[in-house]
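Undergrad: here are the coordinates; sequence isn't available:
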């Protein structure tokens, strides 16, 4: 490979023959894999947490957020039992706020236990009708705001009425950062929203998120946002071009990586390989929800056609239409492991011969970025956000100081 080439082997994700040829190259060409691993580590440095914190500091400073200010951060994804890429992003936001000396205040929708649960349900129903909820701070001094059932109630309201839910808090934080486009706004303070992708609007067949609800949510977000953040320049350009948002109101800060150091990653790898009876670089890995959007069926077909003796591990929770993506009976060497804990995922990523990530649509492509950071070669879809992440697409962060000065 020559200078300037991407840090991954890029293919047309709809072309099984091309994917098959690429997998054969990855299976047999050690020099190619070594080159991709080196390029990947270099490219992944762009997504380091320190760089993300610096970019977010520019965004927050331009909106008047300073050290010591309390800033709300939604816990919609952070508090999930099986957190994914959006939760990783939210952790990066919390770390970035702490890095600039601000105080992140988590907004939780956790339901109380006991008799208080009935009251919480009543309040949530009232929010659907009235459009407003009250967040309450706990008495133990934690940096939390409780609004039981908030996101469930807000989703119901926007689906039924097309309207956002107002979240009141007293005293309110200096700003509110919604790390996902939720149909909620906190009146009286700047509201920042992160849009990870527009897949439900642009390619609705690839997702189970209702397009109508997403349209109403995005419309509300655009009405109330002091600023919009994206996780890739690809998505930023879609927000500008498809939604008509002025360029100065949208910044791409990318997605931060949240990975252990090399020694810890190697320990995780040894544990994962021993648990699953695998050899280092002795398998291919397909990581992500088992669904049509992740192109699982074509990837398995291409791996099978490649004739590689290395098994293919499919790691991820079953999504919509998972059964249609998995061949029956399963070919020899195909191992569907389902959802795995974070340490196991890191270990399997670190030890794979290559990550096969020919997804049909992404807002960022976190598995590809994490694989590159861990020194694992990546096969990725050409075009869109995955091409950007691997260094073959737009590579731009909007300087918010400059654009706000010229608004």
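TA: Looks like it arrived, so ask away. Keep in mind it's a predicted model, so treat the numbers as computed, not measured.

Undergrad: Could you check how far the most centrally placed residue in the chain is from residue 152?
TA: Among the residues of the chain, the one closest to the centroid is residue 85, at 3.3 Å (Cα atoms, centre = their mean). Using Cβ to Cβ, to the nearest Å, we find residue 85 at a distance of 21 Å from residue 152. In short, each C-beta sits where N, CA and C put it, glycine included.

Undergrad: Could you list the low-pLDDT ranges of this protein?
TA: 1-4, 111-130, 138-143, 393-407 (pLDDT under 70).

Undergrad: which residues touch residue 132?
TA: Taking Cβ atoms under 8 Å, 6 or more residues apart in numbering as the criterion, residue 132 is in contact with 165-168.

Undergrad: which among the residues you listed end up buried?
TA: 165-167 (16 or more other Cβ atoms under 10 Å).

Undergrad: one step back: which one is the residue nearest to the centre of the chain nearest to, not counting chain neighbours?
TA: residue 366 (4.4 Å; Cβ to Cβ, 6 or more residues apart in numbering).

Undergrad: Kindly tell me how buried that neighbour is, as a neighbour count.
TA: 25 (other Cβ atoms under 10 Å).

Undergrad: Isn't it up against residue 258?
TA: No - Residue 366 is not in contact with residue 258 according to Cβ atoms under 8 Å; the separation is 9.5 Å.

Undergrad: Do a quick rundown of the strands in the stretch 101-250 of the chain.
TA: 103-108, 132-135, 144-146, 165-169, 175-178, 184-185, 191-195, 227-230, 250-252 (DSSP state E, counting those that start in this stretch).

Undergrad: The longest one packs against which elements?
TA: Read that as strand 103-108. Contacts defined by 3 or more Cβ pairs under 8 Å, 6 or more residues apart in numbering; DSSP states H and E place strand 103-108 against strand 70-74, helix 85-99, strand 144-146.

Undergrad: To residue 133, which of the ones you listed lies closest?
TA: Closest to residue 133 of the helices and strands packed on strand 103-108, according to Cβ to Cβ: strand 144-146, at 10.3 Å.

Undergrad: how is this structure carved up into domains?
TA: Annotated domains of the chain cover 9-46+259-389, 49-256 [automatic domain parsing].

Undergrad: returning to what we had before: could you dump the buried ones among the contacts of residue 132 into JSON lines and include distance to residue 346?
TA: Formatted as JSON lines, the buried ones among the contacts of residue 132 follow (distance: Cβ to Cβ, whole Å):
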{"residue": "165", "distance to residue 346": "36"}
{"residue": "166", "distance to residue 346": "40"}
{"residue": "167", "distance to residue 346": "35"}
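
Undergrad: For residue 296, state which of the residues you listed is nearest.
TA: residue 165 (35.3 Å).
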